[in-house]
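Engineer: okay, predicted coordinates and the sequence, questions at the end:
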Amino acid sequence: MKKILLLLLPITVIGLVCLAPVSTLAADPYNACQYNPDAAACADKDTKGAQTNLATRVQTVLDTVYLTAGILAIIFIVYAGIRYVTATGQADKVKLAQKQLTYAIVGLIVAVVAFGITRFVVYWVTR
């Protein structure tokens with residue numbers, strides 16, 4: 001068990017370090033028109049500016065929630081897999097690990113579907 005944890009810890013840290021810069025590459029939606037006022041997002045600033053701004057903020061918050069839920073679901077999938085592997089054939093531990101794995105996968109699916117629905121709704125609202 002210690003060997004598995006010692007193996008997973010560096011992989012997790014390296015993964016987080018590699019994914020952290022992704023959030024810094026995102027464009028700032030609140031200052032996008034300052035640098036490119038002719039952009040499509042700035043064209044209807046007068047008519048739907050407030051609606052677009054609110055939808056963008058809601059989408060940003062929900063995207064963060066979905067990302068957090070997805071990361072937690074993946075962590076729980078790994079944890080349930082470790083529990084399944086280390087169950088050593090004990091039926092109650094195997095059953096518990098399978099149940100945890102099922103719930104973690106369902107949670108991941110719910111997060112992905114909710115993300116897709118939110119993107120779809122925000123697209124049609126801001127259109």
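Structural biologist: Now that the structure is in, tell me what you want to look at.

Engineer: phi, psi for F76 please.
Structural biologist: phi -70, psi -30 (degrees, to the nearest 10).

Engineer: equivalent analysis for Q90, please.
Structural biologist: Main-chain dihedrals, Q90, degrees, to the nearest 10: phi -70, psi 120.

Engineer: can you count the residues close to it?
Structural biologist: 11 (other Cβ atoms under 10 Å). From N, CA and C alone the C-beta is placed, and that goes for glycine too.

Engineer: again with I74
Structural biologist: 15.

Engineer: so it: helix, strand or coil?
Structural biologist: Per DSSP: H, G, I helix; E, B strand; the rest coil, the secondary structure class of I74 is helix.

Engineer: not counting residues beside it along the chain, what's closest to it?
Structural biologist: In this structure, I74 finds its nearest non-sequential neighbour in L108, 6.8 Å apart by Cβ to Cβ, 6 or more residues apart in numbering.

Engineer: helices and strands around the helix or strand containing the one you found, which ones?
Structural biologist: Per DSSP states H and E, L108 falls inside helix 91-126. Counting contacts by 3 or more Cβ pairs under 8 Å, 6 or more residues apart in numbering; DSSP states H and E, helix 91-126 is packed against helix 45-85.

Engineer: just want the angle from the helix it packs on to helix 91-126.
Structural biologist: 170 degrees (axes from the mean of the first three to the mean of the last three Cα atoms, to 10 degrees).

Engineer: any idea of the mean pLDDT in helix 45-85?
Structural biologist: Helix 45-85 carries an average pLDDT of 82.

Engineer: now for that helix, which elements pack on it?
Structural biologist: The contact analysis (3+ Cβ pairs under 8 Å, 6+ apart) places helix 45-85 against helix 2-24, helix 91-126.
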